[in-house]
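Participant: Below is the structure, and that's it, no one-letter string:
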Ligand code: DP6
């Protein structure tokens, strides 16, 4: 935390944090309580370094309202969510100062690359440091979860589980394995630019209201989580591949059966699914996962990354392939 006083006696407290997106292998889709943003299912993810959000939070007595800019541009819808998140942090830290928040991503936003997850993880870590609040990480995870259900997972590195606790009345986020313990790599095939048509929040509420498969999805999640947890503990790639693809396809089944149907894939996404399955059948260790957008994420050991990257880049319609490795959780980098 840096405290500055200018000649007009305004007081500024500032810090900068970096967070990486995470990719769910066992998916979160659905809310048990929309007001508290309590997920209906637990989830399990990997935190991916190589892609990053950097956020600077400056609390300033000279401000009469919060300000939020993403890549230098005002974002009113996101600003309201940022303010609500800061309100909760201010309440716990006993502060009434408004903040100016500057955030930037080095990867495409709102296209199924989990920018809200890294965004809110970086926000709570930077704001906590700026205020000198020193809230424990589980408390920061709860604040991030209220802002976006996938965000607490980016507070931790490596393999991370967001588990339901107390019969689903709260969540607990924890690291299952450090990045170095099983250093997998990720290739992201970008198949379209621009924001998705239906955001995750609206999409999952629609699925809950109208998808005939929603209840079966919620009921099947604990078994997928248990299988994924066991696969991670045993570093069993084949088992993790099987449960990850199953969870992804089941979530997309729920989405497709929503009325009106949520079709997040394009033709290139489907071509990439077949490519990844073909590679695996040919002995290349790789599996896919896809979120609420058209990008396909392929997960593989680092030794297979060059091959996977090369093959994905050759699929007609793939605009580019981003790559990443398992990385650390959100952290303060300045201030
Ligand atoms: C498909 O965390 O964006 O990426 O809690 O409404 O902000 P809100 O939703 P969000 O949903 C992510 C959904 C997903 C699957 C996942 O990351 O687990």
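Facilitator: Great, that's in hand. These figures come from a predicted structure and were not determined experimentally. Numbers count the residues shown, from 1 in each chain.

Participant: Give me the pLDDT for the residue nearest in space to the middle of the chain.
Facilitator: Here the mean C-alpha position of the chain is nearest to the C-alpha of residue 117 (Cα atoms, centre = their mean), at a distance of 3.6 Å. For residue 117, the model assigns a pLDDT of 94.

Participant: Can you tell me the SS state at it?
Facilitator: helix (DSSP: H, G, I helix; E, B strand; the rest coil).

Participant: Check residue 189 too.
Facilitator: State at residue 189, reduced to three classes by three-state DSSP: strand.

Participant: show me the contacts for it.
Facilitator: Counting by Cβ atoms under 8 Å, 6 or more residues apart in numbering, residue 189 touches 268, 272, 295-298, 312-313, 315, 318, 321. Every C-beta, even on glycine, is put in place using the N, C-alpha and C of the backbone.

Participant: Tell me what it is bridged to.
Facilitator: residue 296, residue 321 (DSSP bridges).

Participant: and if you look at residue 177?
Facilitator: Here residue 177, judged by DSSP bridges, has bridge partners residue 159.

Participant: Surely it touches residue 156?
Facilitator: No. If you go by Cβ atoms under 8 Å, residue 177 and residue 156 don't touch, sitting 10.3 Å apart.

Participant: which neighbours do the two share?
Facilitator: With Cβ under 8 Å, 6+ apart, residue 177 and residue 156 have no common neighbours.

Participant: out of the two, which sits in the busier spot?
Facilitator: residue 156 (24 against 17; other Cβ atoms under 10 Å).

Participant: Give me the pLDDT value at the more buried one.
Facilitator: 98.

Participant: That one is in contact with residue 172, isn't it?
Facilitator: No. Residue 156 lies out of contact with residue 172 (Cβ under 8 Å); the separation is 11.4 Å.

Participant: quick one: contacts for the residue nearest to the centre of the chain?
Facilitator: Neighbouring residues of residue 117 by Cβ under 8 Å, 6+ apart: 19, 21-22, 148, 150-151, 153-154.

Participant: Drop anything exposed from those residues.
Facilitator: Buried members of the contacts of residue 117, scored by 16 or more other Cβ atoms under 10 Å, are 19, 21-22, 148, 150-151, 153-154.

Participant: The ligand contacts on the stretch 151-300 of the chain?
Facilitator: 200-201, 291-292 (Cβ under 6 Å from any ligand atom).

Participant: contacts for stretch 314-322?
Facilitator: Under the contact criterion Cβ under 8 Å, 6+ apart, stretch 314-322 has outside partners 50-51, 107, 187-193, 266-268, 271-272, 275, 309, 312-313.

Participant: Residue 280: which element?
Facilitator: Using DSSP states H and E, residue 280 sits in helix 267-281.

Participant: helix or strand right after that helix?
Facilitator: Proceeding N to C from helix 267-281, the next assigned helix or strand is strand 287-289, under DSSP H and E.

Participant: got the contact list for the closest residue to residue 277 other than its chain neighbours?
Facilitator: Spatial nearest neighbour of residue 277, excluding adjacent residues (Cβ to Cβ, 6 or more residues apart in numbering): residue 288 at 7.8 Å. By Cβ under 8 Å, 6+ apart, residue 288 lies in contact with 245, 248, 272-273, 276-277, 296-299.

Participant: List just the nearest of the residues you listed to residue 89.
Facilitator: For these, the minimum distance to residue 89 (Cβ to Cβ) is 30.6 Å, reached by residue 297.

Participant: and that closest one, what does it touch?
Facilitator: Going by Cβ under 8 Å, 6+ apart, residue 297 touches 23, 186-189, 288-291.

Participant: Now that we're looking at it, what pLDDT does it have?
Facilitator: 97.
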